[in-house]
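Asker: Sequence first, predicted model second:
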Amino acid sequence: MTSDPQPPAFPRVSGPSGDTGRPIEPSPGSIFSKPTPTEPVAQTAGPGTSASATGGHRSRWLIALLATIAVVAVIGGVFLSLGPRAGSPSVAARFAPADTAMLIEAQLDLPGDQHDNLAEFMSHFPGFADPAAFDQKLDEMLEEAVSSFGGGEISWETDVEPWFGGLVAIFGAGQQPSQDAPQEFTVALSIKDRAALDQVLSTKLTNAQSEDYQGHQIWTFGDSGGPTAIVATDDVLLFGSSVDQVRAALDAHDDRAPGLADDEFYLQQLGHLSANRLGSFYYDGVSAGMPLPNQAMDGMPDIGALQPLIAASAARVVGELRAEGDHLEIAARSERSSSADLPPLPGNATTNLAEKAPSDAVLYLEMRDVGTTIGFLLDTAMTPLASPGTDPNAMDPRLFEQLLGAPLDEYFDFIDDASLSFSGTSETPQISFVATVTDDVIANQRIDRLVSMARSLGPMAGDLSVMEEQHGDTTIHVINIGDGEPDESESVSIAVSGGRLYLGTNGSVAAALDRTAADSLASTDDYRTALAAGGASNSGIVFGDITALRSMAEASMSDAERAEYVADAQPFLEPLSHFMLVNQTDGSIVVSNGFLYVE
């Protein structure tokens, strides 16, 4: 019999209560050792000086503080965030420079309703069935993590909790100084008792060197990877991967340089977030160096097909994480770069396309303005082929226009909203595409043209044939791919009926034509509840049945993989039920709401 898997121990976030472990005595001679009366607290040195020989590695005590941040990822799946009030940057964000590409904040005291909501959510997982024991689990995890990463020479309860204010944050710029240089970052921990922190620092930083910078004492620890720096202010304890990182953070806070907290977009989007939230994040794709077409296209064909993807990555995003009793909710608000060459944002709409998706769909996607988007992508991809200097052996896009009887970028403009669903099994998957069309006549004409082209190319392809099936009043075009009998071959079916275009594999078109709303995905409780939470009027949907996806993955495992999976992963995946992502367009902002449900 497999024993009940033990969950990771979680840290207490509400302050000491009860015995969570005794302080561990420091080993003689370590950088954590308390100084003798004749020892100075620190040695004064100029900027950039390295640590003494006994401090030739980064302080394990500082690493323990970083471990505190990593603990939060286990709690919620992402880092958590401080939320003093909606629209107000946290004390940590006020230290982030203007060129910050990423900011992730964590609030370990779980503000407002988040403590009870997270406890209820976690109660679905092994070891957390009793919400009343939730705080104890959190306490144990943080004590264990701090002790482990601190080399057994630091205790969360005695060395960190007395001064720690609850906020943990990490931020950094996206561009590295050089290709081989490590990514630079700054960590900030809020302070509730500066005197208690100073007492700890005086006993822990005995081997550090220090410098004065604009009235702040910066402590440095040198190693082969470069110096690590730490500084305590009235608001936060800052830890930087370099002295320059800490200086930049101080400059932003003290108004000697612009900071993220001065950014209008960041402040405006914060105002839309909940004041009580588990987590928040900020990402700037421009500062992160994502929109680099020349680098992205290096070694690839000279076409523009990937340009929209690169342009879309140059977005700024502000978001949050919240816990509810039966799900985690992540909300994000993103803004495109003003220089991004992309089609207009899709409008919000309410459709009944999910009524044509199978009720057992493991994955379902819904999109808006699909014809416009296809036209934009085709135009972007084909324009370089028609430009002067193009490879003479490349196919002229005008040939497609002659064959199709319409400009390629306008050929699919009859398609409006569309859905894509995946069902079946890993051995016999079913893929179904259903779209609303603006004109049945035009849709039939253009589909007939494509089918005729396929029929003409069939003899040259050798294993491609086209046939028609009558399904009630609807003609289904069946394109068989393979050299077997039609009913044994892989096939793709196409039909236009009742203002919709149907495209699918292995009989899925006939099934969609016959499907009623009561037998569809739209009728399932999981889909309806999640859609109501995200908004029925939207610009896009992604729905996934985690239980079904997990079962499909398990069916394909080898015996050895299954044994390891059952022991280590399955108990923690089984509580996950389904997820939903709903996008909405709010002017120039894309609002995304994601939900991860447990059962």
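Answerer: Yep, it's here. Residues are numbered from 1 along each chain as shown.
Asker: Show me what the host helix or strand of residue 422 is packed up against.
Answerer: Using DSSP states H and E, residue 422 sits within strand 415-424. If you count contacts as 3 or more C-beta pairs under 8 Å, 6 or more residues apart in numbering; DSSP states H and E, strand 415-424 packs onto strand 363-367, helix 370-382, strand 429-437. C-beta coordinates here come from the backbone N, C-alpha and C atoms, glycine included.
Asker: Can you check which of these gets nearest to residue 131?
Answerer: For the helices and strands packed on strand 415-424, proximity to residue 131 was assessed by C-beta to C-beta; strand 363-367 is nearest, at 32.2 Å.
Asker: Now tell me what touches that closest one from outside.
Answerer: Strand 363-367 is contacted from outside by 346, 351, 353-354, 357, 373, 417-422, 521, 527, 540-545, 549, using C-beta atoms under 8 Å, 6 or more residues apart in numbering.
Asker: quick one, that strand and strand 429-437 angle?
Answerer: 20 degrees (axes from the mean of the first three to the mean of the last three C-alpha atoms, to 10 degrees).
Asker: In the stretch 251-400 of the chain, where is pLDDT below threshold?
Answerer: 289-313, 338-340, 383-400 (pLDDT under 70).
Asker: What ranges does the stretch 151-300 of the chain have for its helices?
Answerer: Secondary structure of the stretch 151-300 of the chain by DSSP state H, counting those that start in this stretch: the helices cover 194-204, 243-253, 264-270, 293-296.
Asker: Nearest approach to residue 408 belongs to which of these?
Answerer: The closest of these to residue 408 is helix 293-296. By C-beta to C-beta, the value is 22.7 Å.
Asker: if we can go back for a sec, need the helices of the stretch 151-300 of the chain in TSV (columns: mean neighbour count).
Answerer: Shown next, in TSV, are the helices of the stretch 151-300 of the chain (neighbours: other C-beta atoms under 10 Å):
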stretch	mean neighbour count
helix 194-204	16
helix 243-253	22
helix 264-270	17
helix 293-296	11
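Asker: So for residue 91, which of those sits nearest?
Answerer: Closest of the helices of the stretch 151-300 of the chain to residue 91 is helix 243-253, at 8.9 Å (criterion: C-beta to C-beta).
Asker: tell me what that closest one is packed against?
Answerer: When contacts are defined as 3+ C-beta pairs under 8 Å, 6+ apart, helix 243-253 packs onto strand 186-191, strand 209-213, strand 216-221, strand 228-232, strand 236-240.
Asker: which helices and strands sit right next to the third one?
Answerer: With contacts defined as 3+ C-beta pairs under 8 Å, 6+ apart, the secondary structure elements packing on strand 216-221 are strand 209-213, strand 228-232, helix 243-253.
Asker: Can you give me the buried ones in the first one?
Answerer: Yep, that's strand 209-213 we're talking about. For strand 209-213, the neighbour count (16 or more other C-beta atoms under 10 Å) marks 209-211, 213 as buried.
Asker: hang on, the earlier thing: need the helices of the stretch 151-300 of the chain in JSON lines with distance to residue 449, can you?
Answerer: Converted to JSON lines, the helices of the stretch 151-300 of the chain look like this (distance: least, C-beta to C-beta, whole Å):
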{"stretch": "helix 194-204", "distance to residue 449": "74"}
{"stretch": "helix 243-253", "distance to residue 449": "60"}
{"stretch": "helix 264-270", "distance to residue 449": "46"}
{"stretch": "helix 293-296", "distance to residue 449": "34"}
